[in-house]
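S.K.: Have a look at this fold, sequence not included:
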């Protein structure tokens, strides 16, 4: 990875893209520390500190926003509204024929769908921003309210400003991501999510140091952390290695091309293969599933309901058994959904037949498409189970060792490694294109 960055830095165009991406990340981090107006920051710090110590739900949301959520800053909503909007639009594109037809109209259709996605994202940002303001309005620390004005004209005015600031932050995040897509390196939203998670790594190191400190001060009560903390580091490194290994793993379907004579020359006859990667869907199932499960977490944290609904929403909080089970199911489901919209076995079989290619032992046409669909299903299941294991293992480990409050879990690790690998491959492909261009010239 570092070698790729060093080589890319030597190319002027890529160097400009890297610098531009870095500047966008700096703007993102600046916006993540600028609080919205009309808030008592001391009371806010007290409320958020007590909540993060009492459970991991806030730490998880705060991790996805890079610390912006707990500080109620301009980018507190992070990229969650845009990700949720993308999920909604992808589901609607499959379910609603007009949207499906629009997606098949080429570049113009994709631009229209992208515009609708932005509008939906801003609407979701407005809803989440309103919910967050309601939560802040009803929060206090040692009798001091978080919001400076809770009634009258000043209260209404401050509420509008705070909600609009959160909503504007959502739109700003989308714009920054699109700028990276157009002028930078990597997928914009993924890069911003990556930057936010990396910014929380010092907090994780501090948490580990706290556990070690407790073990040193009270070895009789907390001596177990002498073993659990190093084990966590070893497991973390092992998970990173497994993710990198699985990212390169693939199933190769052999293809034999028939010989054909054109004039006096013979074409075809060679053997090849169709590579199908185990991680076909990349980190998207993890991002989609975690974003969906943030909805009940937001509702429970902001409204604090009681009764049956309160018990149901609490069971869906981060780290609970019901959360883990639903998380597992959503990862599996989104993995299959993402592969289904990206790969069409019938189209792949038709392309093979048109190029006089066959899979040994499989007849052309429907048997070929059925075989490809079967292979895709098996590979998708293996990849989805792998993603589920990586995502759920830190939750299980934390519950088993009582090491709560670790803001960097399996989801974060997969996103970090996945985005790093995807960005590295994009830089390598761009360098390869420039190499070929120079060769042809």
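M.R.: Nice, thanks for sending it over. What you see is a predicted model; the values in this text were computed from it and never measured.
S.K.: C-alpha from now on. contacts and neighbour counts both.
M.R.: OK.
S.K.: how far is the helix ranked longest in the chain from where the chain is centred?
M.R.: Counting residues, the longest helix in the chain under DSSP state H turns out to be helix 366-401. Relative to its parent chain, helix 366-401 has a centroid offset of 17 Å by C-alpha atoms, centre = their mean, to the nearest Å.
S.K.: Residue 226 and residue 214 touch, don't they?
M.R.: No - if you go by C-alpha atoms under 8 Å, residue 226 and residue 214 don't touch, sitting 9.7 Å apart.
S.K.: Let me see the ranges of the strands in the protein.
M.R.: Using DSSP state E, the strands assigned to the chain run over residues 140-141, 144-145, 250-257, 260-262, 265-267, 271-277, 357-358.
S.K.: ranking those by burial, who's on top?
M.R.: strand 357-358 (a mean of 22; mean count of other C-alpha atoms under 10 Å).
S.K.: circling back to that earlier point, average pLDDT across the longest helix of the chain?
M.R.: For helix 366-401, mean pLDDT rounds to 85.
S.K.: Specify the angle between it and strand 271-277 in degrees.
M.R.: Angle, helix 366-401 to strand 271-277, by axes from the mean of the first three to the mean of the last three C-alpha atoms, to 10 degrees: 30 degrees.
S.K.: Stretch 236-247: which residues count as buried?
M.R.: Using 16 or more other C-alpha atoms under 10 Å as the test for burial, stretch 236-247 gives 236, 239, 240, 243, 247.
S.K.: Residue 214 against residue 222, yeah?
M.R.: Yes - with contacts counted by C-alpha under 8 Å, residue 214 reaches residue 222, the gap being 6.1 Å.
S.K.: Against residue 191, how distant is residue 427?
M.R.: 14 Å (C-alpha to C-alpha, to the nearest Å).
S.K.: Give me the more crowded residue out of the two.
M.R.: For residue 427 versus residue 191, the count of surrounding residues by other C-alpha atoms under 10 Å is larger for residue 191: 24 against 21.
S.K.: coming back round to it: for residue 63, find the nearest of the strands of the chain.
M.R.: strand 140-141 (22.5 Å; C-alpha to C-alpha).
S.K.: Parallel or antiparallel, list what pairs with that closest one.
M.R.: Listed by DSSP bridges, the sheet partners of strand 140-141 and their directions read strand 144-145 (antiparallel).
S.K.: related to what we said a few turns ago, quick check: which of the buried residues of stretch 236-247 has the minimum pLDDT.
M.R.: Within the buried residues of stretch 236-247, lowest confidence goes to residue 247 (77).
S.K.: Might you report the residue contacts of that one?
M.R.: By C-alpha atoms under 8 Å, 6 or more residues apart in numbering, residue 247 lies in contact with 277, 278, 279, 282.
S.K.: Next: residue 150.
M.R.: With C-alpha under 8 Å, 6+ apart, residue 150 has these contacts: 137, 156.
S.K.: how close does it get to residue 48?
M.R.: 19 Å.
S.K.: cool, residue 299 as well?
M.R.: 16 Å.
S.K.: cool, residue 169 as well?
M.R.: Taking C-alpha to C-alpha, one finds residue 169 at 20 Å from residue 48.
S.K.: Looking at these two, which one has more neighbours?
M.R.: The residue with more neighbours, out of residue 169 and residue 48, is residue 169; 26 against 20, by other C-alpha under 10 Å.
S.K.: which residue is nearest the centroid of the chain?
M.R.: Taking C-alpha atoms, centre = their mean, the centroid of the chain lies closest to residue 287, which sits 3.4 Å from it.
S.K.: Which pLDDT does the model give that one?
M.R.: 74.
S.K.: What distance separates the opening and closing residues of stretch 137-147?
M.R.: End-to-end for stretch 137-147, by C-alpha to C-alpha: 6 Å.
S.K.: what distance separates that stretch from the centre of its chain?
M.R.: On C-alpha atoms, centre = their mean, the centre of stretch 137-147 falls 32 Å from that of its chain.
S.K.: Stretch 143-156 too?
M.R.: 35 Å.
S.K.: that older thread, let me have the buried residues of stretch 236-247 in TSV, extended by distance to residue 371.
M.R.: As requested, the buried residues of stretch 236-247 are exported to TSV (distance: C-alpha to C-alpha, whole Å):
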residue	distance to residue 371
236	37
239	32
240	33
243	27
247	23
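S.K.: So which of these is the closest to residue 8?
M.R.: residue 247 (22.1 Å).
S.K.: I'd like to check the angle between the longest helix of the chain and strand 250-257, please.
M.R.: 170 degrees.
S.K.: tell me which residues in helix 366-401 are buried?
M.R.: Those would be 368-369, 371-373, 375-376, 379-381, 383-388, 390-398, for helix 366-401 by 16+ other C-alpha under 10 Å.
S.K.: Need the pLDDT of the closest residue in space to residue 385 that isn't next to it in sequence.
M.R.: Using C-alpha to C-alpha, 6 or more residues apart in numbering and skipping the chain neighbours, the partner closest in space to residue 385 is residue 332 (7.1 Å). In this model, residue 332 is scored at 91, pLDDT.
S.K.: what's the answer for the one 10 residues further on, then?
M.R.: pLDDT recorded at residue 342 is 76.
S.K.: For burial, what's the neighbour tally of it?
M.R.: Other residues close to residue 342 by other C-alpha under 10 Å number 10.
S.K.: Over to residue 324?
M.R.: 21.
S.K.: same deal with residue 234?
M.R.: Residue 234: 11 neighbours (other C-alpha under 10 Å).
S.K.: before we move on, what about residue 308?
M.R.: Residue 308: 9 neighbours (other C-alpha under 10 Å).
S.K.: cool, and residue 10?
M.R.: 10.
S.K.: before we move on, the earlier item: of the buried residues of stretch 236-247, which is the nearest to residue 402?
M.R.: When those are compared against residue 402 (criterion: C-alpha to C-alpha), the nearest one is residue 236, at 16.8 Å.
S.K.: check contacts around that closest one.
M.R.: Applying C-alpha under 8 Å, 6+ apart, no residues contact residue 236.
S.K.: Likewise for residue 194?
M.R.: Residue 194 touches 415, 416, 419, counting by C-alpha under 8 Å, 6+ apart.
S.K.: what about the last one, distance to residue 186?
M.R.: Counting by C-alpha to C-alpha, the gap between residue 419 and residue 186 amounts to 8 Å.
S.K.: Compare neighbour counts for the two and give me the winner.
M.R.: Under the criterion of other C-alpha under 10 Å, the comparison of residue 419 against residue 186 puts residue 186 first, with 24 against 20.
S.K.: Skipping its backbone neighbours, what lies nearest that one in space?
M.R.: Closest residue in space to residue 186, ignoring its immediate chain neighbours: residue 423 at 4.7 Å, by C-alpha to C-alpha, 6+ apart.
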